[in-house]
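>>> Just need the structure, nothing else, for what follows:
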Amino acid sequence: MIAIPSLMLAGTTTDTSLIVTLVCIVSGIFVLVEYNTVSPSLIEFRDAPPFNRVRYLGLATTVLTLTIIAKGYSQPTNLTLLFELVGSNLAEAMDFPYSPVRLVVLMLPAEASADLASRVRTAAGLSYLVSLVSLAIFVLALRLKNWPNQRGGFNVWTNLPTFDPTAGGDVVKRLERDGQMNLIFGFLLPFLIPAFVKLASDMFNPIQLQDPHTLIWMMTAWAFIPASLIMRGIAMLRVAQMISYQREVAYMEASTEDSLTA
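Now for the predicted structure:
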């Protein structure tokens with residue numbers, strides 16, 4: 001997935017290929033180690049599919065579609081023209097006042113060409129749509145498959161390695177607080193990132209989105225990170241709900257046993 005833009009786009013330099021190769025090797029080793037060790041260090045919900053599968057498929061779909069569209073700007077084919085037509089129509093439908101797509105277009109410098117604005121709009125609209133579809137798929141899986149305990153028990157230690165249940169305070173309240181914070185940041189980031197880039201461009205050189213690699217990864221990150229935070233927030237709220245339910249069941253069983261003993 002990481003190598004898709006470098007493999008498909010023409011004009012990729014040797015230095016870029018070497019850097020991409022290094023990132024691919026490091027990422028592959030990291031994921032392999034995380035999924036084969038007893039105690040993971042960073043990857044969450046390792047044993048609770050399809051959380052990471054949905055995120056990966058959404059990320060890979062975004063990178064692939066944006067790469068196909070970017071390839072069409074220099075080497076047009078029927079496939080690239082189809083993707084560009086569909087992407088531009090979707091982007092125009094999502095480009096309404098105060099929408100995240102409109103804010104991404106407005107973050108461009110005043111001297112940006114109309115062609116660049118059109119490309120950024122298409123990439124932003126398509127990547128944002130894929131992130132919304134990924135969220136919808138995860139919510140459906142959560143509702144229909146009784147996620148995350150469709151396979152039985154749920155191990156908090158292996159599925160939430162960055163969350164310490166012994167750090168103090170009630171576990172359910174901490175999970176609910178962290179989940180709500182993830183939801184808030186996930187909702188606000190698509191609006192805050194363009195505003196931050198616009199403010200930073202007044203003090204520093206604006207990001208050169210003319211480069212297709214930069215455009216692909218910037219738009220992918222802009223759409224994927226907020227969607228990933230929202231999914232994480234929903235998942236943590238679900239785990240908190242599950243723990244609270246188990247507590248109620250245990251309390252009811254203990255009360256029943258005490259009443260029978262009395």
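>>> Please spell out which residues along the worst-scoring helix or strand of the chain on mean pLDDT are buried.
One helix or strand of the chain scores below all others by mean pLDDT, DSSP states H and E: helix 156-159, with a mean of 81. Of all the residues in helix 156-159, those buried under the rule 16 or more other Cβ atoms under 10 Å are 158, 159. The C-beta positions use only the backbone N, C-alpha and C, and glycine is treated the same way.
>>> so what does that helix touch, helix or strand wise?
Using 3 or more Cβ pairs under 8 Å, 6 or more residues apart in numbering; DSSP states H and E, no helix or strand is in contact with helix 156-159.
>>> now for whatever helix or strand comes next after it, which elements pack on it?
Using DSSP states H and E, the helix or strand that follows helix 156-159 in sequence is helix 171-201. Contacting helix 171-201 under the criterion 3+ Cβ pairs under 8 Å, 6+ apart are the following elements: helix 100-106, helix 212-261.
>>> what's the most buried one of these?
Among these, ranked by average contacts under mean count of other Cβ atoms under 10 Å, first place goes to helix 100-106 (a mean of 21).
>>> immediately after that one, which helix or strand?
Once helix 100-106 ends, the next helix or strand along the chain (criterion: DSSP H and E) is helix 114-144.
>>> what's the angle from that next one to helix 212-261?
Angle of helix 114-144 versus helix 212-261, following axes from the mean of the first three to the mean of the last three Cα atoms, to 10 degrees, is 20 degrees.
>>> What helices and strands are in contact with helix 114-144?
Under the contact criterion of 3+ Cβ pairs under 8 Å, 6+ apart, helix 114-144 touches helix 51-74, helix 78-94, helix 100-106, helix 212-261.
>>> and residue 4, what is it in contact with?
By Cβ atoms under 8 Å, 6 or more residues apart in numbering, residue 4 lies in contact with 60, 63, 64, 67.
>>> out of those residues, who's nearest residue 257?
Distance ranking of the contacts of residue 4 against residue 257, using Cβ to Cβ, places residue 60 first at 51.1 Å.
>>> what's around the closest one, how many residues?
Using other Cβ atoms under 10 Å, residue 60 is surrounded by 15 other residues.
>>> Check the contact between it and residue 3; I expect there is one.
No - Residue 60 is beyond contact range of residue 3, at 11.3 Å (criterion: Cβ atoms under 8 Å).
>>> where are the low-confidence patches of the stretch 101-250 of the chain?
Within the stretch 101-250 of the chain, the segments meeting pLDDT under 70 span 150-153, 202-207.
>>> hmm, back to that, hmm, which of the contacts of residue 4 are the buried ones?
For the contacts of residue 4, buried by 16+ other Cβ under 10 Å: 63, 64, 67.
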